[in-house]
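Trainee: Need coordinates for the below:
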Amino acid sequence: MAAWCFSGTKIVAIGSNYRDHAAEMGKPVPAIPKIFLKAPSAVIGDGQAIVIPPRTQRVDHEAELAVVIGERASRVPRHAALDVVAGYTLCNDVTARDFQKEDGVFTRAKGFDTFCPLGPVLVTGIDPGNLGIRCYVNGVVRQQSRTDQMVFDVATLIAFVSDIMTLMPGDVISTGTPAGVGPLVPGDVVVVEIDGIGRLTNPVVARDDRARAE
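Mentor: The predicted structure follows:
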């Protein structure tokens, strides 16, 4: 285990990768991984504040296992996919749920500054296939599952993504969230926890746009 901060070129996130989350969102279980990108400018670290933007009516937490790539990877076969992994960390794929529904695509809903807490450590030597994953808000469990409930496992995701785009050292694949996503409001403290990795903790605040308006 070592301290870690994001240094890659992109965050590739996976949608509907737990059957129970697909069900709670009213979506079918995907036949192939559903991928989208989160902006590097959305990244914050442990202890930094998630900022709720104005106009959105609902911002949700999404606890996820994050895979950090350790070497340039293009068209990696599934059987060799874990060889390109530098280690594993934690992600909170924060989402403006109303904007996601309004737009029908993910970029605005998931791209706001502070909407990608990552870290704070990089862990090696663990099996990503059966880890307990939890999310707490103000100490209350909101999400609780295991990574063996993923529709597509880590090796499959790396092979799929690297067949589309070259993965660079430091890039992150965030592997999807289980059921139990729910709203965050200013004053909350949200914690993502995964067995063998640790905790990612972030307070939640509101953005004050008065100065910008003036």
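
Trainee: Tell me if I'm right that Tyr88 and Gly70 touch.
Mentor: No: with contact defined as Cβ atoms under 8 Å, Tyr88 does not count as touching Gly70 (11.2 Å). C-beta: built from backbone N, CA, C; applies to glycine.

Trainee: neighbour-wise, which of the two wins?
Mentor: For Tyr88 versus Gly70, neighbours defined as other Cβ atoms under 10 Å are more numerous around Tyr88 (25 against 17).

Trainee: how far away is the closest residue to the more buried one other than its chain neighbours from Gly198?
Mentor: If the residues on either side of it in the chain are set aside, Tyr88 comes closest to Val123, at 5.2 Å by Cβ to Cβ, 6 or more residues apart in numbering. Plainly put, Val123 is 8 Å away from Gly198 if you go by Cβ to Cβ, to the nearest Å.

Trainee: and for these two, which residues touch both?
Mentor: Common neighbours of Val123 and Gly198, counting by Cβ atoms under 8 Å, 6 or more residues apart in numbering, are Met1.

Trainee: for Pro183, which residues make a bridge with it?
Mentor: Here Pro183 sits in beta bridges with Asp60, as judged by DSSP bridges.

Trainee: Where does pLDDT dip in this protein?
Mentor: Low-confidence segments of the chain (pLDDT under 70): 209-214.

Trainee: any idea which helix is longest in it?
Mentor: As assigned by DSSP state H, the longest helix anywhere in the chain is helix 154-164.

Trainee: same for that one, what does it pack against?
Mentor: In this structure, helix 154-164 packs against strand 34-38, strand 63-69, strand 172-174, with contacts taken as 3 or more Cβ pairs under 8 Å, 6 or more residues apart in numbering; DSSP states H and E.

Trainee: so which of those comes closest to Ala23?
Mentor: Ranking those by distance to Ala23, with Cβ to Cβ as the measure, places strand 34-38 first at 14.8 Å.

Trainee: Toward the C-terminus from the closest one, list the very next helix or strand.
Mentor: Where DSSP states H and E defines the elements, the next helix or strand beyond strand 34-38 is strand 43-44.

Trainee: Need the contact partners of the helix or strand hosting Lys110.
Mentor: Lys110 is part of helix 107-111 when elements are defined by DSSP H and E. Residues lying outside helix 107-111 but in contact with it, judged by Cβ under 8 Å, 6+ apart, are 13, 36-39, 42, 93-97, 99-100, 103, 116.
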